[in-house]
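K.L.:
sequence and predicted structure, then a few things I'm wondering about:
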Amino acid sequence: MLITRRVIIEMALIVAIASTVGLLWNRQLLVASWSGAVQPPALTPGALRLPLPLGLMQVKELFDRGEGYILDARDIATFATGHLKGARSFPLGEFEARLPEFRKQVPKTMPLVIYCNGYGCHDSMELGKRLIAAGYWEIFVFEGGYPEWRDAGYPVEGSKP
Amino acid sequence: MTDSTRKRLTVALRVVLGGIFLYAGGMKIADPVTFAGNVAAYKLLPTFGNYLVATTLPWVELLCGLLLVTGCRLRAATLIGLLMYLLFVVALTSAIVRGLDIDCGCFRQGGPKSSPWVALLRDLPLIAGMLLLLRLDGRRR
């Protein structure tokens, strides 16, 4: 078996080129993991990553700090009548159609808070799961949803909030 | 072994091994976060190290696969593949010794789980294939 100096140089070059491409390709993920912004990957093998549930106060804190994106998983008509101030509409029913544009605008490191019509509504959890599958890392679900937020008297907007 | 048989066997080995590398690399590149989780399950590296491995190793796998399939820089690509698999055997063995019940994270991330033993047994023919490829290629020169 012949391992010449040339072969060793070739091997080093192959590893260097491939690693560089990998590092550049995943630079956002690496920066996020270096700064601790990404949650440590689940230690349980093959465990399904799930959106983390957030309570009203935690969502209000994020809202006040202006961190992350708030997504409304309900349909557009319901969104138009009233939604959390500054929330962006992302109806679960239009997931496939809206994802490409969303991907272009929102980096995968961005924390996303998703809500719908409260505890009886599962669209926010479903949207969260699909966004995780689409590669987003920090997904929270505000389980109390729009009703809890509105009843707490926090900022809302829409035609008849 | 005649020259033409040797040539055919070399091509077959190249394409099969290269194809496996391409598939394995591609599946990991598609989901680096889950792969980082699988690397973390081996409990060998710190958090950032897991991400570093998860973001670079699949690309090395992919490039080696590409080189194997095309037959370009064959010796170097095969040797890297061999080293990677030997390293992987060491990691798997350490997981078995420490009694870790983990998914090898070999192909589709978060897909059907394969235990360390299965992964180890699956690696042996691949390692043998690469050694044979190196031998065939060495004789040609």
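P.N.:
Received it, and whenever you're ready, just let me know what you need.
K.L.:
for B:Asp103, grab phi and psi.
P.N.:
Main-chain torsions, B:Asp103, degrees, to the nearest 10: phi -90, psi 140.
K.L.:
hmm, which helix or strand of chain A has the shakiest average pLDDT?
P.N.:
Lowest by mean pLDDT, DSSP states H and E among the helices and strands of chain A is helix A:27-34, with a mean of 84.
K.L.:
show me which residues of it are buried.
P.N.:
A:29-30, A:32-33 (16 or more other CB atoms under 10 Å in any protein chain shown). For every residue, glycine as well, the C-beta is placed using N, CA and C.
K.L.:
can you show me the helices along chain A?
P.N.:
Using DSSP state H, the helices of chain A run over A:5-25, A:27-34, A:56-65, A:76-81, A:95-105, A:123-133, A:145-151.
K.L.:
any idea which of those helices has the lowest pLDDT on average?
P.N.:
Note on the helices of chain A: lowest mean pLDDT is at helix A:27-34, with a mean of 84.
K.L.:
what does it contact?
P.N.:
Contacts with helix A:27-34, where a contact means CB atoms under 8 Å, 6 or more residues apart in numbering or on different chains, come from A:23, A:38, A:107-109, A:137, B:32-33, B:36, B:47-48, B:51-52, B:55.
K.L.:
before we move on, what about stretch B:24-32?
P.N.:
For stretch B:24-32, contacts defined as CB under 8 Å, 6+ apart pick out A:22, A:25-26, A:29, A:135, B:35, B:51, B:54-55, B:57-65, B:105-111.
K.L.:
and what of stretch B:59-66?
P.N.:
For stretch B:59-66, contacts defined as CB under 8 Å, 6+ apart pick out A:14-15, A:17-19, A:21-22, A:25, B:17-26, B:28-29, B:77-78, B:80-81, B:84.
K.L.:
what's the PyMOL syntax to select whichever of those residues are buried?
P.N.:
If you want just the buried ones from these in PyMOL, going by 16+ other CB under 10 Å, the selection is:
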select buried, (chain A and resi 14+15+18+19+21+22+25) or (chain B and resi 17+18+20+21+22+23+24+25+28+29+77+78+80+81+84)
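K.L.:
distance-wise, check A:Arg6 relative to B:Arg73.
P.N.:
To B:Arg73, A:Arg6 is 10 Å away according to CB to CB, to the nearest Å.
K.L.:
repeat for B:Leu133
P.N.:
Noted for B:Leu133: a distance of 13 Å to B:Arg73, by CB to CB.
K.L.:
neighbour count winner among the two?
P.N.:
Ranked by neighbour count (other CB atoms under 10 Å in any protein chain shown), B:Leu133 and B:Arg73 place B:Leu133 first, with 24 against 20.
K.L.:
leaving out sequence neighbours, find the closest residue to B:Met1.
P.N.:
By the measure of CB to CB, 6 or more residues apart in numbering or on different chains, the closest residue to B:Met1 outside its immediate chain neighbours is B:Leu9, 7.8 Å from it.
K.L.:
what's the farthest-apart pair in the buried residues of helix A:27-34?
P.N.:
Spanning the widest gap among the buried residues of helix A:27-34 are A:Leu30 and A:Ala32, at 7.2 Å by CB to CB.
K.L.:
helix, strand or coil for the residue nearest to B:Met1?
P.N.:
Three-state call for B:Leu9 (DSSP: H, G, I helix; E, B strand; the rest coil): helix.
K.L.:
model confidence score at it, please.
P.N.:
91.
K.L.:
and it, what does it touch?
P.N.:
Here B:Leu9 is in contact with B:1, B:132, B:136 (CB under 8 Å, 6+ apart).
K.L.:
count of neighbours near the nearest residue to A:Glu126 once chain neighbours are set aside?
P.N.:
Take A:Glu126 and drop its neighbours on the chain: the residue closest to it by CB to CB, 6+ apart is A:Leu92, 5.8 Å away. By other CB under 10 Å, the residues close to A:Leu92 number 20.
K.L.:
likewise for the one 10 residues further on?
P.N.:
A total of 17 residues lie near A:Phe102 under the criterion other CB under 10 Å.
K.L.:
what distance do you get for the nearest residue to it once chain neighbours are set aside to B:Val89?
P.N.:
Excluding the flanking residues, the one nearest A:Phe102 by CB to CB, 6+ apart is A:Phe90, at 6.8 Å. In this view, A:Phe90 and B:Val89 are 45 Å apart by CB to CB.
K.L.:
neighbours of B:Lys59, how many?
P.N.:
For residue B:59 the amino acid is Trp, not Lys. Look at B:Trp59: counted by other CB under 10 Å, it has 23 neighbours.
K.L.:
element containing it?
P.N.:
Using DSSP states H and E, B:Trp59 sits in helix B:47-70.
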